[in-house]
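Novice: From the sequence below, what's the structure:
(one chain, ligands or ions: 1)
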Amino acid sequence: MKKGIFIVISGPSGVGKDTIASKLVKSGHGIYSVSMTTRRIRKNEIDGKDYFFVSKEVFKKYIEEDKFLEYAKYNDNYYGTLKDFVFKNIDEGINVVAVLDIQGGMNIEKIFPPAVLIFIMPPSFEELEKRLRKRNTDSEEDIIKRLKIAKEEINYKDKYDYIVINNTVDKTVDDIIKIIEKEKNR
Ligand code: 5GP
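Specialist: This next block holds a predicted model:
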């Protein structure tokens, strides 16, 4: 049986990665890799669906038990991709979609080269700032930190297999579906 593809989506905070990933999953092109994090839960999030929200102690236990494919510290919190989940699914021919920060993307490239790395770019930096503010989920201090991180993150775009500019979500999802189909036929 042909293995599934591990698709890694990265891009600056606020670019729309989660919306894109969720539409991709809804379109039947893969399942979402639910990461574990120590960040506090946002109002609109569901534990076990958006993330597994855990304490730093629990996260450390998972590190010790080697349960992460990769993990990274982002804006003072830990985020990790669960190894078992990814490999079980791709072995069964199911595509797995993970939304990771740049450190995660770069680590995956080393640990698991068959992964397909996609970088989502905002149409402009101004647009990104607008989207982050409109989201209304983070404090001003957090937004400023995220914008600073975004500037650094955009420098890594050329290290990705594909760069997709997110003008509209539907067009971006279509572009990614085309990438998946191309990669599947390799
Ligand atoms: P947020 O707090 O906005 O949900 O996520 C912050 C950043 O962490 C985003 O860039 C998101 O893509 C990234 N992220 C989420 N899960 C993981 C993960 O498992 N590993 C890594 N390296 N980054 C992650």
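Novice: how about the strands in the chain?
Specialist: Shown for the chain, the strands assigned by DSSP state E span residues 6-10, 31-32, 35-37, 51-53, 68-74, 77-82, 96-99, 116-121, 162-165.
Novice: same for the longest one, what does it pack against?
Specialist: Looking back up the chat, that one is strand 68-74. Strand 68-74 sits against helix 56-64, strand 77-82, helix 83-91, helix 102-111, with contacts defined as 3 or more CB pairs under 8 Å, 6 or more residues apart in numbering; DSSP states H and E. Using the backbone N, CA and C atoms, a C-beta is placed for each residue, glycine as well.
Novice: between the ones you listed, which gets nearest to Val173?
Specialist: For Val173, the closest of those is helix 102-111, at 19.0 Å, according to CB to CB.
Novice: re earlier: of all the strands of the chain, which one comes closest to Asp174?
Specialist: Nearest of the strands of the chain to Asp174, taken as CB to CB: strand 162-165 at 9.8 Å.
Novice: Count the neighbours of the closest residue to the ligand within the chain for me.
Specialist: Among the residues of the chain, Gly104 lies closest to the ligand, at 2.4 Å counting by CB to the nearest ligand atom. A count of nearby residues for Gly104, using other CB atoms under 10 Å, gives 22.
Novice: So it is in contact with Ser10, correct?
Specialist: Yes. At 7.1 Å, Gly104 counts as touching Ser10 under the criterion of CB atoms under 8 Å.
Novice: circling back: same list (the helices and strands packed on strand 68-74) but as TSV, adding mean pLDDT.
Specialist: Shown next, in TSV, are the helices and strands packed on strand 68-74 (pLDDT from 0 to 100):
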stretch	mean pLDDT
helix 56-64	98
strand 77-82	97
helix 83-91	96
helix 102-111	95
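Novice: Determine which stretch of the ones you listed is the most buried.
Specialist: Counting by mean count of other CB atoms under 10 Å, strand 77-82 has the highest mean neighbour count of the helices and strands packed on strand 68-74, with a mean of 21.
Novice: now that one and strand 6-10, what's the angle there?
Specialist: On the basis of axes from the mean of the first three to the mean of the last three CA atoms, to 10 degrees, strand 77-82 is oriented at 160 degrees to strand 6-10.
Novice: In terms of secondary structure, what does the helix or strand of the chain with the lowest mean pLDDT contact?
Specialist: In the chain, no helix or strand scores lower on mean pLDDT, DSSP states H and E than helix 125-135, which sits at a mean of 89. In this structure, helix 125-135 makes packing contacts with helix 140-154, judged by 3+ CB pairs under 8 Å, 6+ apart.
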